[in-house]
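>>> sequence below, structure please.
(one chain, ligands or ions: 1)
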Amino acid sequence: YIWPSQYDILEDAYVLSSGFGSDGTVDEVTPCSATPAGNSPGRQNTAEWLRTAYHDMATYNSATGLGGLDGSIQFETDRPENIGTAMNTTVQFFGPLQSKRSSFADRLALGVVLAIKNCGGPTIPFRPGRIDATEAGAPGVPQPEQSLETHVAAFARQGFNMTEMIGLVACGHTVGGVHEVDFPQTVHGAITTPDNPEGVVHFDDSFDVYDNHIAVQYIDGTNTDPLVVGFNTTTNSDARIFSADGNRTMQSFAADPNFFLSRCGSLLERMLNTVPAGVALGDVIEPLEVKPHQLRLFFDNTGGLTLSGDIRIFGTTSIAAAADPADMPVTLVWTDRNGGKNSNYSTTATWDDFMAATSLWGAVQLFSISTPIDPATGISSFVVDWAYNSQLPLTTSDNGGSGFPLQDVVLFQRTGSCHGTVDQNSTVNAVIRNDMGDVTSAYIEYTHSATQIGSMALKQVTIRADFVHVGNSTSPFYDTYTTSFLSNDGFLTLNADIVSFDLFAVVGGKTYSSLDNPQLFTGC
Ligand code: HEM
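Numbering: from 1, shown residues only. Now for the predicted structure:
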């Protein structure tokens, strides 16, 4: 995984948990008992996300390779097997976080990884690359009134044997609980408005900690799990499942909290990585030590170039944890468009209080950059010289050897670019170097979210529009190009971190691209 990558947005979402640059996913599940915004007390985001992810995956058929974690749950929330508002709430939360480079299914899987870690649970390796279904899949989520044989068969279809089924159910039913409003046949008399208007009865005494109490209480007889000790034995599916191997799995979980966590880590990893045949997941995301964050090269209306954005530094050592960002030297040193060096080609990255950020996985700091780049000499790559404090020798981070690459051939021009509302064209201006040969093709791929019939889900729509040559620009090195297109997204997702557009130009027979430009904020 080398920057830039199609998974940069998800890597940032994995690393930046709260504060500057974070997309709000971890805040939504902090504390672990956190309730969906505007919803009843007693509901728990972490539990709803985990249950939703399981219900999305639970329709997988290992014989046909159909189903799995593919976001099809977005079309299935009105099925009886998905009863309750949890799935819709989850779809509404993750929908706007989708983008061309982060599917709903990836967002949901990542949400579960972050939420469980945030509740004190295991580190579940996260692999990106899930592809969203465009319609509902087959039904098949297990129901509590079904027999043990039915459940064993359902988990076998999903790819899990009986021991793994017991584990996966315990790993799910350690947070959250059963709600009387949706399961009156299982829970009775728990609705105590206003404290508990939906009548939730938790699976164990630590519903807001990801721990082995579900097993400890099951074994020591203090169990409150309504699917074990409920008044209606027909719906006591956890009782049948947990005892299916003579309680051996639950005993091993109760005896060793760390064994429970590690086993849940690997079972949930498998659950999240159960995807339709043909979907190839990427490598496990490990935080990069030094990474550009929304770093972009822009053409301004005075004929100059501006490099702006942030440099992110992540570490897991005690020195990293103790670092004071105000005392961290961070310098960006670039090479010009011909790979040449010059002592003037450098800029200091600065930290400010408002840039404070945290990560569930270690210490993270961001430093901002804004520097003019002379178009005459341009830029082709850079390295970052940095240290955890001003007394330490500098480390040079060079992105695995060849530096962090940048191109200055095709660039977005903010001036004159604007966002149309519904039924009104958007305009995007670009500049392209005029000294590198013929421009045989130049176009934009603009991706936005769109609503879909039969679902609360948003889908990604990409519009391709060709640029036309306008003429000179304010720089002798660049010509101006423009394009106009109907985006019709009605300002649905004005999130510059998420919505983006890519520019492409074939110049002198070579293709150059400027990827992930931010959403257009200026109205036309
Ligand atoms: C035979 C298999 C299963 C059955 C019959 C079953 C049944 C149920 C039922 C009836 C509820 C109550 C839902 C509500 O009131 O909102 C529930 C909640 C839950 N289930 Fe399962 N479940 C099964 C497997 C799993 C698995 C494998 C996971 C995840 C690994 C899981 C995760 C959860 C979570 C986190 C909740 C709490 C939801 C909340 O508090 O909002 N379940 N389950």
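>>> CA atoms for contacts and neighbours, from now on please.
OK.
>>> please name the bridge partners of the residue nearest to Gln294 when sequence neighbours are not counted.
Residue nearest to Gln294 in three dimensions, not counting chain neighbours: Gly309, with 5.3 Å by CA to CA, 6 or more residues apart in numbering. Beta bridges link Gly309 to Ile369 when assigned by DSSP bridges.
>>> distance of Gly309 from Thr192?
51 Å (CA to CA, to the nearest Å).
>>> more crowded one of the two?
Gly309 (19 against 11; other CA atoms under 10 Å).
>>> surely the more buried one meets Met355?
No: using CA atoms under 8 Å, Gly309 makes no contact with Met355, being 11.9 Å away.
>>> which stretches of the stretch 251-400 of the chain form strands?
Under the criterion DSSP state E, counting those that start in this stretch, the stretch 251-400 of the chain contains strands at 290-299, 305-315, 330-335, 346-348, 357-358, 363-373, 381-386, 395-397.
>>> show me what the shortest one packs onto, helices and strands only.
What that stands for is strand 357-358. When contacts are defined as 3 or more CA pairs under 8 Å, 6 or more residues apart in numbering; DSSP states H and E, strand 357-358 packs onto strand 18-19, strand 363-373.
>>> so what strands line up beside that strand?
strand 18-19 (antiparallel).
>>> and the contacts of the strand it pairs with?
With CA atoms under 8 Å, 6 or more residues apart in numbering as the test, strand 18-19 has contacts from 24, 26-27, 355-359.
>>> repeat that for stretch 467-480.
301-304, 375-376, 429-435, 442-444, 481-483.
>>> next, count neighbours for Ser368.
Ser368, neighbours per other CA under 10 Å, totals 19.
>>> pLDDT value on it, please?
On pLDDT, Ser368 comes in at 98.
>>> not counting its neighbours along the chain, what's nearest it?
Nearest in space to Ser368, with sequence neighbours left out and distances taken as CA to CA, 6+ apart, is Asp310 at 4.3 Å.
>>> my guess is that neighbour contacts Leu295, does it?
Yes: counting by CA under 8 Å, Asp310 does reach Leu295; the two are 5.9 Å apart.
>>> for those two, indicate the residue with more neighbours.
Asp310 (23 against 18).
>>> over to stretch 174-182 now: how far is its first residue from its last?
19 Å.
>>> coming back round to it: the ligand: which of the helices and strands packed on strand 357-358 is closest?
Closest approach to the ligand among the helices and strands packed on strand 357-358 (CA to the nearest ligand atom): strand 18-19, 23.2 Å.
>>> which other residues reach the very next helix or strand once past that closest one?
Later in the chain than strand 18-19, the nearest helix or strand by DSSP states H and E is helix 25-28. Outside helix 25-28, the residues that touch it by CA under 8 Å, 6+ apart are 17-18, 34, 36, 45, 111, 114-115, 118.
>>> lowest-confidence one in the residues you listed?
At the low end of pLDDT for the contacts of helix 25-28 is Pro36, which has 89.
>>> now Ser402: how far from Ser381?
From Ser402 to Ser381 the distance is 8 Å (CA to CA).
>>> the two: which has the busier surroundings?
More crowded of Ser402 and Ser381, by other CA under 10 Å: Ser381, with 19 against 11.
>>> which residues sit in contact with the more buried one?
Counted by CA under 8 Å, 6+ apart, Ser381 has contacts 334-336, 339, 403-407.
>>> identify the bridge partners of it.
Thr335, Pro405.
>>> and for Thr483?
With DSSP bridges as the rule, Thr483 is bridged to Val428.
>>> so Ser513: helix, strand or coil?
strand (DSSP: H, G, I helix; E, B strand; the rest coil).
>>> in contact with it, which residues?
407, 410, 502-505.
>>> for the ligand, what's the nearest residue on the stretch 251-400 of the chain?
Leu268 (6.5 Å).
>>> likewise for the stretch 351-500 of the chain?
For the stretch 351-500 of the chain, CA to the nearest ligand atom, closest residue to the ligand: Met456, 19.2 Å.
>>> burial measure for the closest residue to that residue other than its chain neighbours, as a count.
Nearest in space to Met456, with sequence neighbours left out and distances taken as CA to CA, 6+ apart, is Gln74 at 6.6 Å. The number of residues packed near Gln74 is 28, by other CA under 10 Å.
>>> swap in Gly221?
With other CA under 10 Å as criterion, Gly221 counts 10.
>>> and for Ser252?
15.
>>> a markdown table for the strands of the stretch 251-400 of the chain, including distance to the ligand?
Shown next, in a markdown table, are the strands of the stretch 251-400 of the chain (distance: least, CA to the nearest ligand atom, whole Å):
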| stretch | distance to the ligand |
| --- | --- |
| strand 290-299 | 33 |
| strand 305-315 | 30 |
| strand 330-335 | 43 |
| strand 346-348 | 46 |
| strand 357-358 | 26 |
| strand 363-373 | 29 |
| strand 381-386 | 42 |
| strand 395-397 | 40 |
